[in-house]
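K.L.:
Generate a structure from the sequence data that follows.
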Amino acid sequence: MLQHVNPQITYLDSIIRLCKAEGARVILAGMLSLPKNGPYYDARFDAIYPTLAAGDRVPLYPFFLSGVYGHPGLMQADHEHPMRQAW
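P.N.:
Numbering: from 1, shown residues only. Modelled structure (predicted):
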């Protein structure tokens, strides 16, 4: 998303299937697009994780930065990346 990758091109589906084939229990930790990317891109990107989770029948944690993103004391100066202590 930070490099504006086409939301329709993702290798996550392949990674999920490979992990499941090896017997791993998979949980998909989702990400949301930054508002600066615009509503058209946001909608397409934000749909990736719920669609994959449903299609591959894996649980979804919708936004892995929940509780961190948007809190100035937990984010780096670029307001896009969490600080180490946030983890």
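K.L.:
Could you tell me how far the host helix or strand of residue 43 lies from the centre of the chain?
P.N.:
Element membership of residue 43, judged by DSSP states H and E, is helix 39-46. Distance of helix 39-46 from the chain centroid (CA atoms, centre = their mean, to the nearest Å) equals 12 Å.
K.L.:
The residue most central in space within the chain: what's it in contact with?
P.N.:
The chain has residue 31 as the residue nearest its centroid, 2.2 Å off, counting by CA atoms, centre = their mean. Contacts here follow CB atoms under 8 Å, 6 or more residues apart in numbering; on that basis residue 31 touches 1, 49, 63-65. No exception for glycine: its C-beta is placed from N, CA and C like everyone else's.
K.L.:
Keep only those of these that are in helices.
P.N.:
Cross-referencing the contacts of residue 31 against helices under DSSP state H gives residue 49.
K.L.:
Dump the contacts of residue 31 to TSV, plus distance to residue 20, neighbour count and pLDDT.
P.N.:
Listed next are the contacts of residue 31 as TSV, based on distance: CB to CB, whole Å; neighbours: other CB atoms under 10 Å; pLDDT from 0 to 100:
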residue	distance to residue 20	neighbour count	pLDDT
1	24	16	73
49	16	21	93
63	23	15	94
64	20	15	89
65	25	18	89
